[in-house]
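Enquirer: Pasting a predicted model and its sequence here:
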Amino acid sequence: MKKYLLIGFGALTVCIMLIGDGIAISSMLGKSAAAPAPDSVKNVADKPAKPSVEKDVFVEIPKFVVTIPAAEGGDAGPVYLQLALSFLTDNKDAAADFGKLMPVIKAGIISDIMFSGMRLINQPMAMKSKIATDSLQVANSIVTQSDGKVGSKPFFGAYITDYINQ
């Protein structure tokens with residue numbers, strides 16, 4: 001009798017487990033039918049969002065080296081400065097003009113650094129600030145002269161992204 005009771009209890013337990021598994025499987029299948037297929041989710045995630053027209057744009061001048069001549073009467077030789085600059089604008093036309101005029105803008109910045117008498121090697125933060133401010137003015141003036149439709153100050157930020165002083 002004890003043997004039949006244990007077998008009956010085991011069979012009842014198996015039946016309850018199968019019913020519970022059936023309910024769980026059917027509820028999962030019901031939810032996955034309503035949910036999008038994994039491939040469609042992946043395709044939606046792969047599509048990049050289109051940037052808004054009014055977003056700010058960075059344009060860059062890649063790394064370049066400027067030789068700052070030695071000061072008159074100074075014992076030290078010339079100083080070499082490697083830097084890269086980024087300019088911030090919200091005007092797409094100004095960004096396009098910048099790309100076309102980059103050699104002219106770069107030459108203007110190099111001339112400004114070389115001939116402005118910047119010898120602030122002992123004060124690197126002051127030198128960085130002066131370079132950023134002067135570079136912004138150079139870029140604004142050259143792009144504005146080229147295309148008057150971009151406004152008087154198409155760029156509103158100049159950032160030094162690389163700065164090595166030797």
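Expert: Happy to help now that I have it.

Enquirer: low-confidence ranges in the protein?
Expert: 14-15, 18, 20, 22, 24, 26-54, 71-75, 117-122 (pLDDT under 70).

Enquirer: for the residue nearest the centre of it, phi and psi?
Expert: Nearest to the mean C-alpha position of the chain, by Cα atoms, centre = their mean, lies F58 at 8.5 Å. In terms of degrees, to the nearest 10, the main-chain angles of F58 are phi -100, psi 130.

Enquirer: Please apply the same query to P103.
Expert: The phi/psi pair for P103 (degrees, to the nearest 10) is phi -60, psi -40.

Enquirer: Which residues does the host helix or strand of A94 contact?
Expert: Assessed by DSSP states H and E, A94 sits inside helix 92-115. Contact partners of helix 92-115, identified using Cβ atoms under 8 Å, 6 or more residues apart in numbering, comprise 53, 57, 59, 61, 64, 66-69, 81, 85, 87, 89, 131, 134-135, 138-139, 142-143, 146-147, 149-151, 154-155. To be clear about C-beta, it is placed using only N, CA and C from the backbone, and glycine gets the same treatment.

Enquirer: Filter those down to just the buried residues.
Expert: 57, 59, 61, 66, 68, 81, 85, 87, 89, 131, 134-135, 138-139, 142-143, 147, 150, 154-155 (16 or more other Cβ atoms under 10 Å).

Enquirer: ok now stretch 77-93, how far from the chain's centre?
Expert: Centroid separation between stretch 77-93 and its chain, computed with Cα atoms, centre = their mean, to the nearest Å, is 16 Å.

Enquirer: That one: which residues count as buried?
Expert: 79, 81, 83, 85, 87, 89, 91.

Enquirer: The second one touches P69, doesn't it?
Expert: No. In terms of Cβ atoms under 8 Å, L81 does not count as a neighbour of P69; the distance is 11.7 Å.
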